[in-house]
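Chemist: Dropping a prediction and its sequence here:
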Amino acid sequence: MEFIRYEVTDPVALITLDRPEVLNAFHYPMLDEIRSAIDAAVADPAVVGIVITGNGRGFCAGLDASVLAKTTEGGSSGRPPVAEDELPGLFGYFNDVPKPIIAAVNGVTAGGGFVLATKCDLRFASTAAAFTAVFTKRGLIAEHGMTWILPRLVGTGHALDLLWSSRKIDAEEAYRIGLVERVVPPDQLLDTARAYVVELAENVAPKALADTKRLVYAHGGKMLRDALVEADEATWAAVGRPDAREGAMALLERRPPRFERIGG
């Protein structure tokens, strides 16, 4: 890895974007490394949850300016191919990752960085964090599914405000409107994210986490009846797994559960 750092300390995989001189802006090699790190974390049974953060004063400033310029020069002819089984746009594959992904937003996050944070399952922010969609200020629309995701996080009015104005908001406003789930001092950010994953690893079944994530994202576009039928199927499948027996025995024996990990 040249543009990110990847570290695993059971039960956490930590991905650190590592181009601090450009506020961790993406280019294509960096995006490839993020994908490789996520794939490694999914395959590793030591990993229950994934934390993504940035090195330096930025979380991620989005697409590198040189790459953006080249993309706009080529116009729509530069549209990348999309695999049949994958959602289009940056980080569309995050939905299919069966482990929690937490953005530990340490500083400025803009454009594609805003997309990265928003497509993570949870967002924990440092008091030094700031958020801006920025797209309209570059003559672009809200890309990569933001018009679907953001209203579901913050409501239609807040979403339109952020996407229309591209104004910058601080961590406290992001928390108030529901964009982030935690706001902590900078020196507590990574410890808070790690502690969350540790608590999950100690108390809940990774396969149940994966099923819950899958259903939450799948049901965003389904009618109630279809969602209930699918949830019922998943519920009874979970009842038949060893994890269900282990959860019951742990309760009866008043001990921590020992659930099977995902990967390996």
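Modeler: Cool, got the structure. Numbering: from 1, shown residues only.
Chemist: which parts of stretch 254-262 are buried?
Modeler: For stretch 254-262, burial by neighbour count (16 or more other C-beta atoms under 10 Å) applies to 257, 259, 261-262. In short, each C-beta sits where N, CA and C put it, glycine included.
Chemist: Could I get the average pLDDT for it?
Modeler: Regarding stretch 254-262, the rounded mean pLDDT is 96.
Chemist: Give me the residues contacting it.
Modeler: For stretch 254-262, the surrounding residues in contact (C-beta atoms under 8 Å, 6 or more residues apart in numbering) are 42, 45-48, 98-99, 202-207, 210, 242-243, 246-247, 250.
Chemist: quick one: low-confidence ranges for the stretch 151-264 of the chain?
Modeler: Across the stretch 151-264 of the chain, nothing is flagged by pLDDT under 70.
Chemist: how about the helices in it?
Modeler: Here the stretch 151-264 of the chain has its helices, by DSSP state H, counting those that start in this stretch, at 156-165, 171-177, 189-203, 206-218, 224-239, 242-252.
Chemist: hmm, back to that, can you flag the buried ones in the contacts of stretch 254-262?
Modeler: Among the contacts of stretch 254-262, the ones that count as buried by 16+ other C-beta under 10 Å are 42, 47-48, 99, 204-207, 210, 243, 247.
Chemist: Select, from these, the two members most distant in space.
Modeler: Across the buried ones among the contacts of stretch 254-262, the longest distance by C-beta to C-beta is 23.2 Å; it joins V42 and G247.
Chemist: what about stretch 38-52, how long is it end to end?
Modeler: Start-to-end span of stretch 38-52 (C-alpha to C-alpha, to the nearest Å) is 10 Å.
Chemist: Tell me who's in contact with G62.
Modeler: 25-26, 68, 110-115, 134.
Chemist: and these as JSON lines, adding secondary structure, neighbour count and distance to R225?
Modeler: As requested, the contacts of G62 are exported to JSON lines (DSSP: H, G, I helix; E, B strand; the rest coil; neighbours: other C-beta atoms under 10 Å; distance: C-beta to C-beta, whole Å):
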{"residue": "A25", "secondary structure": "coil", "neighbour count": "23", "distance to R225": "45"}
{"residue": "F26", "secondary structure": "strand", "neighbour count": "25", "distance to R225": "41"}
{"residue": "L68", "secondary structure": "helix", "neighbour count": "18", "distance to R225": "44"}
{"residue": "A110", "secondary structure": "strand", "neighbour count": "25", "distance to R225": "41"}
{"residue": "G111", "secondary structure": "coil", "neighbour count": "25", "distance to R225": "39"}
{"residue": "G112", "secondary structure": "helix", "neighbour count": "25", "distance to R225": "37"}
{"residue": "G113", "secondary structure": "helix", "neighbour count": "29", "distance to R225": "38"}
{"residue": "F114", "secondary structure": "helix", "neighbour count": "30", "distance to R225": "35"}
{"residue": "V115", "secondary structure": "helix", "neighbour count": "27", "distance to R225": "32"}
{"residue": "V134", "secondary structure": "coil", "neighbour count": "21", "distance to R225": "40"}
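Chemist: Export these as TSV, with columns for pLDDT and distance to L14.
Modeler: Below are the contacts of G62 laid out as TSV (pLDDT from 0 to 100; distance: C-beta to C-beta, whole Å):
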residue	pLDDT	distance to L14
A25	96	20
F26	92	18
L68	65	28
A110	96	22
G111	93	23
G112	93	20
G113	96	17
F114	96	21
V115	96	20
V134	92	26
